[in-house]
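> Here is my input; please provide its structure:
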Amino acid sequence: MINYQETKEIKDEQLRSLYESVGWVSYTERVEDLQALLLNSRLVYSAWDGERLVGLIRTIGDGISIE
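Numbers count the residues shown, from 1 in each chain. Next comes the predicted model:
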């Protein structure tokens, strides 16, 4: 069963594993601290299969546009 969470508390190795599994290596090769991607996001939703991160949606914004 997949569990969905609204959280920015995701371990770096879990995030790196997810990104590499879908070929998003530009993030994992260039970003030293993937936590910055989460902390600077406005909202983060994650999907979990037990302890395994299987999906992620994050929103970013400029803080200016109408919300």
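
> So what touches the lowest-mean-pLDDT helix or strand in the chain?
The weakest-scoring helix or strand in the chain, judged by mean pLDDT, DSSP states H and E, is helix 25-30 (a mean of 81). Contacting residues not belonging to helix 25-30 are listed as 16, 19, 20, 34, 37 [Cβ atoms under 8 Å, 6 or more residues apart in numbering]. Using the backbone N, CA and C atoms, a C-beta is placed for each residue, glycine as well.

> Tell me which two in those are the farthest apart.
20 and 37 (14.1 Å; Cβ to Cβ).

> Look at those two and report which has more neighbours.
Per other Cβ atoms under 10 Å, whichever of residue 20 and residue 37 has more neighbours is residue 37, with 18 against 13.

> Quick check: phi and psi on that one?
Note on residue 37: backbone dihedrals following degrees, to the nearest 10 are phi -60, psi -40.

> go on, residue 44?
Residue 44 has phi and psi values of phi -130, psi 120 when expressed as degrees, to the nearest 10.

> likewise residue 60?
The phi/psi pair for residue 60 (degrees, to the nearest 10) is phi -120, psi 160.

> Excluding sequence neighbours, find me the nearest residue to it.
residue 41 (5.6 Å; Cβ to Cβ, 6 or more residues apart in numbering).

> In contact with that neighbour, which residues?
Contacts of residue 41 by Cβ under 8 Å, 6+ apart are 8, 58, 59, 60.

> ok, the first one to residue 25 distance?
Using Cβ to Cβ, to the nearest Å, residue 8 is found at 22 Å from residue 25.
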